[in-house]
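# curious how this folds, go ahead:
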Amino acid sequence: MSIYQKKYLLKPSVTDYIQSHKPKKSKITQFYTKISLCYEVRYRAMDGRYFKTTKTGNQKERKHQVKEINKKSFEKAKRKKIGNVIHKDRYTLTISDQKYALDRYKKGLKPLYILEKSFKNSKKYQTFTLAKPLLKYIEKDVSENERYYNKYLALLGNPNEESYELYALFQDIQSHRIQEMHQLIFPEMNIADGIRLILYKHLIDLCEAEKRLKKDHRFDDLKDFYHILTEIKVLLHTFRRLFDKQSFQKLYQNIRMIQKSARITDYGNFFKDELTLLEAIFDEKQTLHFIKKLDETTEIKKQKFIKFLTTREYRIIVDQFQRLLKESKFIRTQYAQESSLGYIARRTISKKYQKICRIAKKYEKCYEKEGYKKITYDLNKLIILLNTFKSFYPPKHYKKFAKHAHKLQKILDAYLELHHDMKKLKFYIQDQSFNLQDQNRLLNHLKHYTKDQEKRLHQAIEKRTQKFTALGTNLLRF
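All right, here's what the predicted structure looks like:
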């Protein structure tokens, strides 16, 4: 069942209305076990009955699936709750044949009053006007403000008092009670708190990848570690003004050093996918020797990096990062109070997108390696920022734009890797004991192969870049 909903923040004087009209009252206790962008699971106890509700969709239009459960199931689910339990009194009002729900929140959310009005179709939602007797109690319409929705009240407390406990959220992240970024951040959040929580979530994910890598020595875990570290590096640099300059610079240099060490390409697997090329220039024995040599080099680098993860030097860097995020003395309060997380995030993404468009326009008549490098550098940053703040955009527009951004990124990476990998193969050919005639034949074949691949990728990049720049305009107007 689809439900459209209006929400209003009420003045404390609404208690006068409650006392004079004595509407029907229900006591509600509720909590959440799953919270994400468009999906949540809520458990509610109301007047001696217990319900499990699954909600999907955005804040304006929600689909609800309600199932009545017993007290034992309710108490069992409570052990898996995310955030705090919400306690409130709900008053059912009927004014001018319209039904309203007035919630008076208790305990940690006191003195918060929210008025809700639900609709079964969008037409009634759009044409709705409040009953006149209620107008004098309205503080503001918060239908568009996610901070006043119950899931964020459970996670972050009373928005009027900015009473959410930052350090309790750090603990929830560390104990894995908060699994997704959407459970942590919302557009109206303080910029300093939002970025610190995001980076702390990445730090915990990095530590988990580190444990897996040291235990199993799998190349996939090394890739995960590298990608998480890259996201940390981008976010740290993008929001560097937030942190004490000296502390930031010291940590950032260390992060860059670790990232550089973790960038180990599995060349063996790459060239196994290019066997047609290898078989065209080498015999079977030479092909196997080439791949074996690459595998050995990759394994040596991987083991060296895993050994570094066990050192005291690495542990000091992790502790340094944790302190930067958790200790307020490293935060520059002037920047931290500049604006909301949503405003800064959208502005940063918009600027990054505009920069990519300028670079693409500059090189559109003559695409070359240098231009592709510049576009790739900023596109990788944009994708990380978009993925971090995707809950701030309409899902439909975000998914479409992100899809084309990733496709463009994939093609650009393929172009740059082509030059890097062919260069490696060229050095190998020159390093082996081929006679001059064979060496020239092999290098000539490699040159033609590279040229054909370049032509194919040029066409694909041009097409994808045009699509990407057009779609971004639609996304960033929100």
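
# what comes up buried for the helix or strand harbouring Gln466?
According to DSSP states H and E, Gln466 maps onto helix 436-475. By neighbour count, with 16 or more other C-beta atoms under 10 Å as the criterion, the buried positions of helix 436-475 are 442, 446, 449-450, 453-454, 457, 460-461, 464-465, 468-469, 471-472, 475. To be clear about C-beta, it is placed using only N, CA and C from the backbone, and glycine gets the same treatment.

# can you check stretch 218-231 too?
219, 221-226, 228-231.

# out of these, which one has the lowest pLDDT?
Scanning the buried residues of stretch 218-231 for pLDDT, the smallest score is found at Phe219, 89.

# surely it touches Lys301?
No: when contacts are counted by C-beta atoms under 8 Å, Phe219 is not listed as touching Lys301 (10.7 Å).

# can you name the residues that contact Arg464?
404, 407-408, 411 (C-beta atoms under 8 Å, 6 or more residues apart in numbering).

# again with Gln303
Gln303 sits next to His217 when contact means C-beta under 8 Å, 6+ apart.

# from here on, count from 15
Let's use 15 as the start, then, which means that last one is Gln317.

# secondary structure class for it?
Secondary structure for Gln317, judged by DSSP: H, G, I helix; E, B strand; the rest coil, is helix.

# how near is it to Phe233?
For Gln317, the distance to Phe233 (C-beta to C-beta, to the nearest Å) stands at 11 Å.

# and if you look at Lys146?
Taken as C-beta to C-beta, the span from Lys146 to Phe233 is 67 Å.

# domains for the protein, by residue range?
Using automatic domain parsing, the domain parsing of the chain gives 16-158, 226-489.

# lowest average confidence across those domains, which one?
Minimum mean pLDDT among the domains of the chain: domain 226-489, a mean of 83.

# for the stretch 265-414 of the chain, just list every one of the helices.
Here the stretch 265-414 of the chain has its helices, by DSSP state H, counting those that start in this stretch, at 281-286, 289-295, 298-322, 326-340, 347-350, 355-377, 383-402, 409-445.

# okay, these in TSV with distance to Tyr105 next?
TSV is the format used below for the helices of the stretch 265-414 of the chain (distance: least, C-beta to C-beta, whole Å):
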stretch	distance to Tyr105
helix 281-286	64
helix 289-295	72
helix 298-322	60
helix 326-340	41
helix 347-350	38
helix 355-377	32
helix 383-402	39
helix 409-445	34
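
# in the protein, which residue is closest to the centre?
Nearest residue to the geometric centre of the chain (C-alpha atoms, centre = their mean): Thr402, 2.7 Å.

# does Met60 touch Thr67 like I think?
No: using C-beta under 8 Å, Met60 is not in contact with Thr67; the gap is 11.0 Å.

# more neighbours: these two, which one.
Between Met60 and Thr67, counting by other C-beta atoms under 10 Å, Thr67 is the more crowded of the two (16 against 13).

# now the more buried one, what are its backbone angles?
Main-chain torsions, Thr67, degrees, to the nearest 10: phi -120, psi 130.

# relative to Leu249, how far out is it?
34 Å.

# next, count neighbours for Arg56.
22.

# Tyr442: what's it in contact with?
Tyr442 makes contact with 304, 307, according to C-beta under 8 Å, 6+ apart.

# let's go with 10 Å and repeat that
296, 300, 303-304, 307-308, 456 (C-beta atoms under 10 Å, 6 or more residues apart in numbering).

# mind listing what His196 touches?
With contact taken as C-beta under 10 Å, 6+ apart, His196 is in contact with 49-54, 160, 165, 403-406.

# tell me which of the helices of the stretch 265-414 of the chain sits nearest to Tyr151.
Closest to Tyr151 of those is helix 355-377 (C-beta to C-beta; 27.8 Å).

# give me the angle between the closest one and helix 383-402.
160 degrees (axes from the mean of the first three to the mean of the last three C-alpha atoms, to 10 degrees).

# name the residues of helix 355-377 that are buried.
Under the neighbour-count criterion of 16+ other C-beta under 10 Å, helix 355-377 has 355-356, 358-360, 362-363, 366-367, 369-371, 373-374, 377 buried.

# which of the residues you listed lies closest to Val99?
Lowest distance from Val99 to those (C-beta to C-beta) belongs to Leu355, with 25.8 Å.

# excluding chain neighbours, give the residue nearest to that closest one in space.
Leaving aside its chain neighbours, Leu355 sits nearest to Gly208 (3.6 Å; criterion: C-beta to C-beta, 6 or more residues apart in numbering).

# give the contact list for the closest residue in space to Gln423 that isn't next to it in sequence.
Distances taken as C-beta to C-beta, 6+ apart put Leu393 closest to Gln423, at 5.5 Å, once the chain neighbours are dropped. Leu393 sits next to 366-367, 369-370, 373-374, 386, 419-420, 422-423, 426-427, 479, 482 when contact means C-beta under 10 Å, 6+ apart.

# what's the answer for Pro26, then?
Counted by C-beta under 10 Å, 6+ apart, Pro26 has contacts 118, 125-127, 151, 153.

# and it, what are its phi and psi?
Phi and psi for Pro26, reported as degrees, to the nearest 10, are phi -60, psi -20.

# next one: it from Pro125, what distance?
6 Å.

# with Val80 instead?
Val80 is 29 Å from Pro125, by C-beta to C-beta.
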